[in-house]
Each structure stands twice: as C-alpha cells, then as structure tokens.
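1. the sequence isn't on hand, but the structure is:
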C-alpha cells in the first residue's frame, strides 16, 4: 500500500514544464490518451528521450497515478546524468541507492540504479517496487537482453510496478532472448519482432533539425602483420578480405605504434580546427578498444595538438567527473574506452574517430549518437572511420530502423560481427572494460601501417573516391576544410560540386598523359582500383535502395555497355562509376 510523506500533497504538480519538441508532445499525448501500464518509446540518440520520460514522470506523479520513481540505466555515470536531469525537472532522485539499501531520504521521489545492480539483488528491488505505486523508467531497455541474469532480474524486480516506461535508441539487435516488458508481434516469416508504442527515427529527427547530419570520412591504407604461425601478411584495408583478415587488418590500423592512427588523428584534428572556426567550443572524441590504446592515443594527440587530451577510463573514480568537466569546458579532445558510447550527453562533440574493434549495428548507432545532438542549426558532425565494409554499411544505413528480432542467434550474418564472442563482451564493454585480452584469442603482431584517404560518405552517397589519395594532400583537405556550419542541402550541393570539379580535372589529365605514363597506370593495379571503386559504389547503392548487387551491375552494363566488370577495361569501368554516381546524385536530389 502506498504512503506519501505529509509534505507531498501540498504540491499541485511535480516538476517544471519544459519546452517540448513536437515529437515529445505527440508521444506524451499518445501516452496520456492510452494510459498504458507498459510503453516503449524508440527515439534516435540525441532526440531527447530523457526529457520525454521525465515529463511523463512529472505528469503521473502530479496526477497521483504513481507515488515513486525508479530509473534503471546501463552505467553508473548515466545514473548520475539521470539524477541531474531529474533535478532540473524538479524531481529529486537518489543516484547512490543500491538494491537492499533500505529507506532513502524523504527528500527524494525516487532512485536510480543500474541493470547490473538490479541483477545482483532483484528481490530487494521488487520489495521496493511493491511498497509504492511505482513508475519504472527502463533506459536503453535492450540492456535487459545483455544476459539472461539481467533479463530475469529486471522481470522479477519490476513485474509488480504500476507503470513501466521503456526507452531505447535504434537499433535493437537480433537474438533468442525476449526483452522484458516489450511487446512482440509476428514479423516477416512469422518471426516475432518488437513493437514500439512510439517511434522517432534519425531521418525524422534530421528533417526536424533535432539532430545533426553526419559526414563520414573513410580511411584505407596498406597494412602488414605477422600471424601466430610466423607468416607475414600484407593487405590493404578497404579491399575485399575474409572476415579474419579484415579483423587483423583493422587491428593493425588501430595499433598506436603504426602510421595509420597518427595520420588519421592528425586529419581529425585538422577537421576539428575547421569546425572550431565556426563553433569555438566544438570537441572531439576518440572511441578506443582498450585502456592501453586509449592512453597511447592520448599521447599521440598531445604531440599533434600540443594540448593534453581528457582520458576517460571506467576503473577511475573520477571518470564521471571528467566527462562532466569536458562537457562544460572547451578542451579539444577526449579519449574513452567505449563507455561514452551510449546515453552520455556531451552536446559539443562534433568530431569523432572510430578506433575500436567493436562492430555491431547497435554499438555503431549508439556511438554515432554521441555526435548528432543538435545545438545550433547548421552544425555538422564528422566521424572518421576505417574503410571496412561493415562500418561503411552501417554509415550508409544510418537512417534504417531495426526492431528486436527473436529466434536468431547472436552473431548472425545480419549483425556482421567480426568476432563471434563480441556480443558476449558487450555488457562488460559498455562498462568500459578492456577488450584487448579477449581479442588476443586471435594472436598476431602488427608490423606497420599507412593511411590513405578513401572517400567521404554523406546521406548514403560516396564522394571523392580516387583510390590513391595521400594524407595531407589537397584532395583530402577538400573534405577536411568543409565549413563547420552548413545546412544539409548546402552540404549536398558542395559535395556534388567538388565531385564534378574533380571529374573535369581527371579527364583532361588522362588525355594529356604521355603514352609511357599511360602504360604505367593501365595495369592490373589500376583496374583493381577501378573495380574496387565500382563495387563500393554498388554496395552503397544497395544499402540505399535495397537493390541486389547483381541487378545493379546488370543495369550498369545495359546502360553503359561492355562485358562483366571482371573483364571490363578501364574506360568501361570508369563509365559505370560515373553513371552510378549520377544515379546517387539524382536520388539525393
């Protein structure tokens, strides 16, 4: 039976009335009209799920439909962040509470706990939930599926709750474990999929200027490493490789002792300098795989910028304080081991460097979500990526929404993991633990690396793919020097114009090249570069349209003539490249 402290009835309503965005108002109206026990809101990172949830809480408390509030978050830092946001909304929350602690101060209207904490002692949380009419806010509800223990703990603890409000950004992942308190409906082929009560995707948020557009800058390059058997391997990052070779090439690129990471960090810092010309407090974030790499990347940034980077490690007590301080100051760079990938709000982040081996679509969406929170209209997010097919496909599909699909084992092809154990590591990874020890299950030794600018990816279309673009070149600077404040249509127009300008320059240069020089470049290497470029554009077209690769290649042959790409000459390949770029530009328009 619920009981209220004597002072509470004197309050006419809980919390302040924030200025709501259109989607938040619509979702709130839908919630109050339906008055449901369970409600799932799916909203893209940066859209404002926290404000929506706290507004619902204030309404329910004000109407006496609930008496207490429990917020469940993925990490300790997010508990503090929720408590701070709730305090600004007039809802005092205790972020230091742990299951089994017992009573809390009468000054609090609720508590904030982690999924791990609930899993340790679900019975204690159930007792607290039963004592009052409780609203439970389950932030990033997909974490209840991270392990069977967490899911069972959440179900046991909050089954008696008066109301449950579940929140998540896109996408959910596919596995065999249902997420507690999420409704499932038959999907394609009868496979159950999650059903949200309100969905607000990245595409809608971008159209509403709620989030920033993202410019992805992909870098390839030559890698060399030694396998456990002692064999030396050389491969180019970005070329079609097996899953194992792709993983080893990526790890070689991310080795701080090589040349790839220093080159990419230097390029990212140039981009940050350009952005800061228009947005003076813009900051950058490097997402690292493990703590040793994070420290090494910070040293590289110090040598590049002359300024110490903020390093955030999960086992440091001051990690939450460091994130908060970085959010409020104007320092250039922060380096973190994944723990800043989800929910953490640092609105001034504008430039990111993907330096982690994690490869799930869920993690990618969460990580990119750190850079898309809009403040001023015209701000652009820039994210530097290794030129790896999996990551590039996620970048092309940024606007695609995924539901939670039951009946598929983790690590299925659509999750495109490079390591079979990656999903099993996610719970620890989100807490910031090092992954390097686990990855050593595939022993190898990085020998050397070099970076090359590959292409830019914006709105699902590729720009500037020239095959061999050195770092520090004028062509690379064409993209690093893009103004930091541009409207989406201005960005599209600028990229198209630069693409067309380069095309006009290339053709006369090819025509004027001496015969002996032509002989040098019309080799199998030149054809391989063109085929790689064509295949990359076809893959990008597939991710935008859903059209199978073979159908696209057949359409290009019909339009441009010539034999299959494997035996086509350079002129035929170049004609198809120009044609598919033209299709992409038309679709973007």
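-> Yep, it's here. These numbers were taken from a predicted model, which means no experiment stands behind them.

2. state the mean pLDDT of the biggest strand by length in the chain.
-> Ranked by number of residues, the top strand in the chain under DSSP state E is strand 214-227. Averaged across strand 214-227, pLDDT comes to 91.

3. now do stretch 113-129
-> pLDDT averaged over stretch 113-129 gives 92.

4. quick one: that stretch to chain centroid distance?
-> 29 Å (C-alpha atoms, centre = their mean, to the nearest Å).

5. just the terminal-to-terminal distance for it.
-> One end of stretch 113-129 sits 13 Å from the other (C-alpha to C-alpha, to the nearest Å).

6. who touches it?
-> By C-beta atoms under 8 Å, 6 or more residues apart in numbering, the list of residues contacting stretch 113-129 from outside reads 68, 70-76, 78-79, 97-100, 111, 134, 136, 143-144, 146-147, 149-150, 152-154, 156-161, 427, 431. Where you see a C-beta, it was placed from the backbone N, CA and C, and this is true even at glycine.

7. quick check: buried residues in stretch 573-589?
-> In terms of neighbour count (16 or more other C-beta atoms under 10 Å), stretch 573-589 has its buried residues at 573-577, 579-581, 583-585, 588.

8. make TSV out of these and add secondary structure.
-> Formatted as TSV, these follow (DSSP: H, G, I helix; E, B strand; the rest coil):
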residue	secondary structure
573	helix
574	helix
575	helix
576	helix
577	helix
579	helix
580	helix
581	helix
583	helix
584	helix
585	helix
588	helix
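
9. out of those, what pair is the most spread apart?
-> Greatest spatial distance among the buried residues of stretch 573-589 (C-beta to C-beta): 573 and 588, at 22.7 Å.

10. how far away is residue 180 from residue 192?
-> To residue 192, residue 180 is 14 Å away according to C-beta to C-beta, to the nearest Å.

11. the two: who's more crowded?
-> residue 180 (22 against 16; other C-beta atoms under 10 Å).

12. give me the number of residues near residue 487?
-> Neighbours of residue 487 (other C-beta under 10 Å): 13.

13. coming back round to it: what subset of the contacts of stretch 113-129 is buried?
-> Buried, going by 16+ other C-beta under 10 Å: 68, 70-76, 78-79, 97, 99, 111, 134, 136, 143-144, 146-147, 150, 153-154, 156-158, 161, 427, 431, out of the contacts of stretch 113-129.

14. helices - which of these land there?
-> Assigned to helices by DSSP state H, the following of the buried ones among the contacts of stretch 113-129 qualify: 76, 78-79, 150, 153-154, 156-158, 427.

15. want to try a markdown table for the residues you listed, with pLDDT as columns?
-> What follows is those, written out as a markdown table (pLDDT from 0 to 100):
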| residue | pLDDT |
| --- | --- |
| 76 | 85 |
| 78 | 88 |
| 79 | 91 |
| 150 | 81 |
| 153 | 91 |
| 154 | 93 |
| 156 | 94 |
| 157 | 95 |
| 158 | 96 |
| 427 | 40 |
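
16. residue 19 should be in a strand, yeah?
-> No - assignment of residue 19 by three-state DSSP gives coil, placing it outside any strand.

17. now do it against residue 375, distance only.
-> 15 Å.

18. what does residue 274 give?
-> Taking C-beta to C-beta, one finds residue 274 at 18 Å from residue 375.

19. who has more neighbours out of these two?
-> Comparing residue 274 with residue 375 by other C-beta under 10 Å, the one with more neighbours is residue 274, at 20 against 12.

20. what score does the residue lying closest to residue 560 once chain neighbours are set aside have for pLDDT?
-> Distances taken as C-beta to C-beta, 6 or more residues apart in numbering place residue 575 nearest to residue 560, at 4.6 Å, with adjacent residues excluded. According to the prediction, residue 575 has pLDDT 90.

21. got a list of what residue 575 touches?
-> 560-562 are the contacts of residue 575 under C-beta under 8 Å, 6+ apart.

22. again, only this time at 10 Å
-> Contact analysis of residue 575 by C-beta atoms under 10 Å, 6 or more residues apart in numbering lists 556, 559-562, 568-569.

23. need the buried residues of stretch 573-589 in JSON lines (columns: distance to residue 268).
-> Listed next are the buried residues of stretch 573-589 as JSON lines, based on distance: C-beta to C-beta, whole Å:
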{"residue": "573", "distance to residue 268": "32"}
{"residue": "574", "distance to residue 268": "31"}
{"residue": "575", "distance to residue 268": "35"}
{"residue": "576", "distance to residue 268": "32"}
{"residue": "577", "distance to residue 268": "28"}
{"residue": "579", "distance to residue 268": "33"}
{"residue": "580", "distance to residue 268": "29"}
{"residue": "581", "distance to residue 268": "26"}
{"residue": "583", "distance to residue 268": "31"}
{"residue": "584", "distance to residue 268": "26"}
{"residue": "585", "distance to residue 268": "27"}
{"residue": "588", "distance to residue 268": "25"}
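
24. so how far is the host helix or strand of residue 247 off the chain centroid?
-> According to DSSP states H and E, residue 247 maps onto helix 243-254. With C-alpha atoms, centre = their mean as the basis, helix 243-254 stands 20 Å off its chain's centre.
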